[in-house]
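>>> model the structure of this input:
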Amino acid sequence: MGQYYKSVMEYSDVRDCMDYAMERGVEKGREEGIEEGREKGREEGKFEIAKNLLDLHIPINDIVKATGLTPEQILSL
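Below you'll find the model as predicted:
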């Protein structure tokens, strides 16, 4: 009976470790996904601002300075 109890405890420990690792992986993935979404939103915002500035006939050099986009990216709008 002692060997059985030991094996059940070892299994429980392994399962707990796997559960913890899974939870930590999901949490890390969620954090990375949120950050990736924020970065994508910032990038989209730059393009939207650049387009609006182009519509206002602001010089491309000024739009480059304001948004950090390249002239090629701005001209592609």
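>>> pull the longest helix from the chain.
Of all segments of type helix in the chain, defined using DSSP state H, the longest is helix 2-55.
>>> so which residue is dead centre in the chain?
Glu36 (1.8 Å; C-alpha atoms, centre = their mean).
>>> from Val26, how far out is that residue?
15 Å (C-beta to C-beta, to the nearest Å). (Glycine included, C-beta is placed from N, CA and C.)
>>> ranking helices and strands of the chain by mean pLDDT, which lands last?
helix 2-55 (a mean of 92; mean pLDDT, DSSP states H and E).
>>> next secondary structure after it?
Helices and strands here follow DSSP states H and E; after helix 2-55, the next one along the chain is helix 60-67.
>>> which strands and helices sit next to that next one?
helix 2-55, helix 71-75 (3 or more C-beta pairs under 8 Å, 6 or more residues apart in numbering; DSSP states H and E).
>>> residues making contact with the shortest one?
The set of residues external to helix 71-75 that reach it, using C-beta atoms under 8 Å, 6 or more residues apart in numbering, is Phe47, Ala50, Leu54, Ile60, Asn61, Ile63, Val64, Thr67.
>>> can you do 10 Å?
With contact meaning C-beta atoms under 10 Å, 6 or more residues apart in numbering, helix 71-75 is reached by Lys46, Phe47, Ala50, Lys51, Leu53, Leu54, Ile60, Asn61, Ile63, Val64, Thr67, Leu69.
>>> right, I'll call it a day here.
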